[in-house]
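[1] predicted model and sequence below, questions to follow.
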Amino acid sequence: MHHSIEVEGLSYTYPDGHEALQDVSLSIQPCEKVALVGPNGAGKSTLILHLNGILKGDGEVCVAGLDVNDKNLGRVRARVGLVFQVPDDQLFSPTVFDDVAFGPIYQGLPENEVMTRVNEALGTVDMLDYATRVSHHLSVGEKKRIAIATVLSMQPEVLVLDEPTAGLDPRARRSFINLLDDLPITMLVSTHDMHMVHELLPRMVVMDEGRIVADGPTEVLMKDEDFLYEHGLERPR
């Protein structure tokens, strides 16, 4: 069985000469839920953007059994659901239904299959009643749920989330963590929310200065306060 995510020797330098990734290797098994943590500028977002071919560095990236290359790009992007930190970045249609239907329609699926996928995706994030609403009139928490539905409608094998709890009030944050906990899917979550990491994500990958400096059980790494502090992190109280 293939890994959900397999990265081998990945390096990437931005056009301005900034070396964002240095020889990064990472394997994630199907249905694993993994935290990607580290200070700002550690390379987390750069790594995420390689998982569906938005960026292309030196090294090998394989997702859901597919090499991430120009030939496979369409299939890779259907299998990797990337949810951005700001939900408005991926909500642009007149209604919630249209936003969630966009991916399946783009895939060329028949109308009845599109309807089924939209209803299933909205049902999964508990937003079925919002289908006719205008996305931009919703709260941040509601928008984040819709953003997840837009990728779930593509039936991805992997969900990659960038700062999913940013901007949420305590009630919306709790509801969102419960939603992620219930999703039976491989998940890589880039976040500064160490409380969520401790509660939701059993494995923690720590990045700093473009490298992976630790990869292990969250429970073990969380106990090493000196190590966390050294890499711009704090153990939740």
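    Alright, I've got the coordinates.
[2] and E19, how many neighbours does it have?
    A total of 12 residues lie near E19 under the criterion other CB atoms under 10 Å. The way it works is simple: take the backbone N, C-alpha and C, and place the C-beta from them, glycine included.
[3] for the nearest residue to it once chain neighbours are set aside, what are its contacts?
    Nearest residue to E19 in three dimensions, chain neighbours excluded: T13, at 4.9 Å (CB to CB, 6 or more residues apart in numbering). By CB atoms under 8 Å, 6 or more residues apart in numbering, the residues touching T13 are 19-20, 57.
[4] so which of those residues sit within helices?
    Applying DSSP state H to those, no entry is found in helices.
[5] name the nearest of the residues you listed relative to H137.
    Nearest to H137 among those is A20, at 36.4 Å by CB to CB.
[6] beta partners of the residue nearest in space to the middle of the chain?
    Closest to where the C-alpha atoms of the chain average out (CA atoms, centre = their mean) is V160, at 1.6 Å. V160 has these beta-bridge partners by DSSP bridges: L82, L188.
[7] measure the nearest residue to L91 once chain neighbours are set aside to T150 for me?
    With sequence-adjacent residues excluded and distances taken as CB to CB, 6+ apart, L91 is closest to S135, at 4.1 Å. Plainly put, S135 is 9 Å away from T150 if you go by CB to CB, to the nearest Å.
[8] of the two, give the one with the bigger neighbour count.
    Counting neighbours by other CB under 10 Å for S135 and for T150 shows that T150 has the greater number, 27 against 24.
[9] quick one: contacts of the helix or strand encompassing that one?
    Element membership of T150, judged by DSSP states H and E, is helix 140-152. Where contact means CB under 8 Å, 6+ apart, the residues beyond helix 140-152 that reach it are 81-84, 87-88, 90-91, 96, 99-100, 102-103, 118, 120-122, 124-127, 130, 135, 138, 159, 161, 164, 167-169, 172-173, 175-176, 179.
[10] mind redoing it with 6 Å?
    Contacts with helix 140-152, where a contact means CB atoms under 6 Å, 6 or more residues apart in numbering, come from 81, 83, 87, 90, 96, 99-100, 121-122, 124-125, 127, 135, 167-168, 172.
[11] would you mind listing the buried residues in that helix?
    Across helix 140-152, burial judged by 16 or more other CB atoms under 10 Å covers 140-152.
[12] send me stretch 79-92 as CSV with only the CA atoms.
    Taking C-alpha atoms only, stretch 79-92 is exported to CSV below (Å, rounded to 0.1, in the frame of the first residue of the first chain):
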residue,chain,number,x,y,z
ARG,A,79,-6.4,13.8,-4.3
VAL,A,80,-4.9,16.5,-2.2
GLY,A,81,-7.4,18.8,-0.6
LEU,A,82,-5.5,22.0,0.3
VAL,A,83,-7.4,24.3,2.7
PHE,A,84,-5.8,27.8,3.0
GLN,A,85,-5.6,29.8,6.2
VAL,A,86,-7.9,32.5,4.7
PRO,A,87,-11.1,30.8,3.5
ASP,A,88,-11.9,33.8,1.2
ASP,A,89,-9.0,32.6,-0.9
GLN,A,90,-11.0,29.6,-2.1
LEU,A,91,-14.6,30.9,-1.9
PHE,A,92,-15.5,32.9,-4.9
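[13] that one: which residues count as buried?
    Going by 16+ other CB under 10 Å, stretch 79-92 has these buried residues: 79-85, 87, 90-91.
[14] sitting in helices, which of those do you find?
    Those of these mapping onto helices are R79, per DSSP H.
[15] lowest-confidence member of the buried residues of stretch 79-92, which is it?
    On pLDDT alone, Q90 ranks lowest of these, at 83.
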